[in-house]
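Student: please work out how this folds:
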Amino acid sequence: MNVAAEAKIIEDQALADETVYSEEQYEDEGSEASDVQVSADFAFKLVNAVKSMNTGEISYYELVNSFVLADELKCLYLFVKALPYQPIIPIYPETPFLFFKGVPLPRAYDLSEETARDIENFMKGQNSGYYTDLRLHDLDQAYLDSYESAIRIYNDMIDKTRRSYQENVKLAKSQVLEISAVLVCMFVIILTLISIS
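Tutor: Predicted coordinates:
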């Protein structure tokens, strides 16, 4: 065999090896990207399920039953245990009074300690010894990532909602001050007119 033919065979083999490596690398990157997407989707599923329960769209039975796999249920159990209870404190009346409008308290994050305890008891009732000594390190890496993402997303949403609620309360309080000032001025003017006449 001549040297040119051998060089051509070696070059073709190197090109074939490089193509196989590129395909394997692409598949690995594709599976990592899909794992990240699945983890993010599950994190949003956790957050949205708890928000739906807090707003009364679903009961806590339906919340638990919307998760099927054992790892999903473990993740849900730990997620509910980690959530803050009633993180937005009511600081203004929700119902209108006199001339003033009320400011409704956002309910999407209004998880009570009692509801969280009911969820835990319901889950433990389905599998009594299953959740007893459950810790974060018991979760698979994908579910641990979902758990951490869900906690971060939930807390960020709470902060944004709390700021929005406080802005609405400030606006309502300024309305109270403005109307009160107008009423006081009118009362003073009326008293002045009565005393003059």
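Student: could you report the distance from the residue most central in space within the chain to Gly125?
Tutor: Most central in the chain under C-alpha atoms, centre = their mean is Tyr154, positioned 2.8 Å from the mean C-alpha point. Separation of Tyr154 from Gly125 (C-beta to C-beta, to the nearest Å): 25 Å. (C-beta placed from N, C-alpha, C; glycine too.)
Student: ok, Asn54 - how many residues close by?
Tutor: 19 (other C-beta atoms under 10 Å).
Student: dump the residue contacts of it.
Tutor: Residues near Asn54 by C-beta atoms under 8 Å, 6 or more residues apart in numbering: Arg107, Ala108, Tyr109, Asp110, Leu111.
Student: tell me the helices in this protein, going along the chain?
Tutor: In the chain, the segments counted as helices under DSSP state H are 3-54, 60-65, 70-82, 113-126, 141-196.
Student: for Pro96, find the nearest of these.
Tutor: helix 141-196 (10.0 Å; C-beta to C-beta).
Student: picking up where we left off before, so the residue nearest to the centre of the chain touches Ala49, yeah?
Tutor: No. Tyr154 lies out of contact with Ala49 (C-beta atoms under 8 Å); the separation is 11.0 Å.
Student: what about Ala82, how many neighbours?
Tutor: 14.
Student: can you get me a residue count around the residue nearest to it when sequence neighbours are not counted?
Tutor: Excluding the flanking residues, the one nearest Ala82 by C-beta to C-beta, 6 or more residues apart in numbering is Ile151, at 5.9 Å. Other residues lying near Ile151 total 17 when counted by other C-beta under 10 Å.
Student: and Ile151, how far is that from Glu167?
Tutor: In terms of C-beta to C-beta, Ile151 sits 25 Å off from Glu167.
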